[in-house]
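# Sequence and predicted structure, then a few things I'm wondering about:
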Amino acid sequence: MDYKSSLIQDGNPMENLEKQLICPICLEMFTKPVVILPCQHNLCRKCACDIFQQAANPYWANRGGSVSMSGSRFRCPSCRHEVIMDRHGVYGLQRNLLVENIIDIYKQECCSRPLQKGNHPMCKEHEDEKINIYCLTCEVPTCSMCKVFGIHKACEVAPLQSVFQGQKTELSNCISMLVAGNDRVQTIITQLEDSCRVTEENSHQVKEELSRKFDMLYAILDEKKSELLQRVTREQEEKLSFHEALIQQYRQQLEKSSKLVETAIQSLDEPGGAVFLSGAKQLIRSIVEASKGCQLGKIEQGFENMDYFTLDLEHIADTLRAIDFETGEEEEEFIEEENQEEEESTEGKEEGHQ
């Protein structure tokens, strides 16, 4: 018996060990004493006695159904090797003390572990029978009596342990597949989260750059606004200075004329002719000279207008409204135009050579 290789194949050594300790005749754990056949396979002594009786009496009921024998010869139920019994019969076979010791150790280990509910369920129809087979047709666990005499007589059955291991393996594979799928989903979630983070970072950078460029436009507009306002202010100050100078000249002229009028009125009140005539001539010349002061500078019509500072910003406003992100289409059109021009130039050179 190759216990080591079999234990490595199974993930649960105790379950695999139990498989190795099953008698191929009764399908139960070996019952002491255990005999070893010449082919190195083991049997319970009771099962070996049954086979020996079959060999001694061909009419004895065949309980295995798969063991053929003739006289004291029979074939091993495990490997079909022919076994020849001597005159001692079963008692002439050697006991396998190693397997018996392993069974003792296994039973002690099982007894030391707490029994779980439902480890050995019993058949409801046959209370003394353990549920030890699986009906593949009905897909339910059952017992041997149900297969032989009961409702599963016509069904296909299999050993419960083999179906148990198969279903466990299939379930483990499904779990592995589901876990792998969950890992893939988690990977996608991680990628999406990283994409969200990078998107937020890129958006923040673009917003900062956009704000910086618009702040630059605001600064240019503010600078240009200040420049134009200063030009209007200078023009305003020049015109107001000119107005104030003229007002001052006319006020001085008015004051001088008012004094001459007052002097002239006083002269008219002079009763003496000699006194009047002594200053009248000079007074008349002063009045005539003062009247010429009305020819002081004047402002032209529309001098106060500031219409020539009008701005036409409609095209600039349209340009500002048209501000948008670059799509790359203009660059592609430019490249296509350049390629077309190169092709036309090449075709023209070829026609010239011809």
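Arrived safely, thanks for sending. Residues are numbered from 1 along each chain as shown.
# What average pLDDT does the longest helix seen in the chain get?
Counting residues, the longest helix in the chain under DSSP state H turns out to be helix 160-268. Mean per-residue pLDDT for helix 160-268: 90.
# and if you look at stretch 39-52?
80.
# tell me the angle the helix or strand just after the longest helix of the chain makes with helix 160-268.
With elements assigned by DSSP states H and E, the helix or strand that comes after helix 160-268 is helix 273-291. Counting by axes from the mean of the first three to the mean of the last three C-alpha atoms, to 10 degrees, helix 273-291 points 160 degrees away from the direction of helix 160-268.
# Go through the one helix or strand K147 maps to and flag the buried ones.
Element membership for K147 (DSSP H and E) is helix 144-148. Going by neighbour count (16 or more other C-beta atoms under 10 Å), the buried part of helix 144-148 is 144, 146-147. Placement of C-beta: from N, CA and C, glycine included.
# All the strands of the stretch 1-150 of the chain, residue numbers only.
Per DSSP state E, counting those that start in this stretch, the stretch 1-150 of the chain carries strands over the ranges 34-36, 42-44, 69-70, 73-75, 82-84, 94-95, 133-135, 140-142.
# list the helices and strands the fourth one packs on?
Which is strand 73-75. Judged by 3 or more C-beta pairs under 8 Å, 6 or more residues apart in numbering; DSSP states H and E, the packing partners of strand 73-75 are helix 45-56, strand 82-84.
# Tell me which of those lies nearest to K292.
Checking the helices and strands packed on strand 73-75 against K292 by C-beta to C-beta gives helix 45-56 as the closest, at 160.0 Å.
# Give the full set of residues in contact with R95.
Residues in contact with R95, defined by C-beta atoms under 8 Å, 6 or more residues apart in numbering, are 33-36.
# just those now: which is nearest E304?
Closest approach to E304 among those (C-beta to C-beta): V34, at 132.3 Å.
# before we move on, the earlier item: can you add pLDDT, neighbour count and distance to A280 and give the contacts of R95 back as JSON lines?
Formatted as JSON lines, the contacts of R95 follow (pLDDT from 0 to 100; neighbours: other C-beta atoms under 10 Å; distance: C-beta to C-beta, whole Å):
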{"residue": "P33", "pLDDT": "70", "neighbour count": "17", "distance to A280": "178"}
{"residue": "V34", "pLDDT": "72", "neighbour count": "24", "distance to A280": "174"}
{"residue": "V35", "pLDDT": "75", "neighbour count": "22", "distance to A280": "178"}
{"residue": "I36", "pLDDT": "73", "neighbour count": "18", "distance to A280": "176"}
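# Show me which of these is closest to N202.
Of all these, V34 has the smallest distance to N202: 76.0 Å, by C-beta to C-beta.
# picking up where we left off before, as a whole number, average confidence for the helix holding K147?
Mean pLDDT, helix 144-148: 77.
# If you count contacts, what does it end up packed against?
Checked by 3+ C-beta pairs under 8 Å, 6+ apart, helix 144-148 has strand 133-135 packed alongside it.
# Comparing the strands of the stretch 1-150 of the chain, which comes out most buried?
The highest average neighbour count among these, using mean count of other C-beta atoms under 10 Å, belongs to strand 42-44 at a mean of 24.
# and the strands of the stretch 1-150 of the chain as JSON lines, adding distance to G272?
Shown next, in JSON lines, are those (distance: least, C-beta to C-beta, whole Å):
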{"stretch": "strand 34-36", "distance to G272": "181"}
{"stretch": "strand 42-44", "distance to G272": "179"}
{"stretch": "strand 69-70", "distance to G272": "191"}
{"stretch": "strand 73-75", "distance to G272": "186"}
{"stretch": "strand 82-84", "distance to G272": "188"}
{"stretch": "strand 94-95", "distance to G272": "186"}
{"stretch": "strand 133-135", "distance to G272": "163"}
{"stretch": "strand 140-142", "distance to G272": "162"}
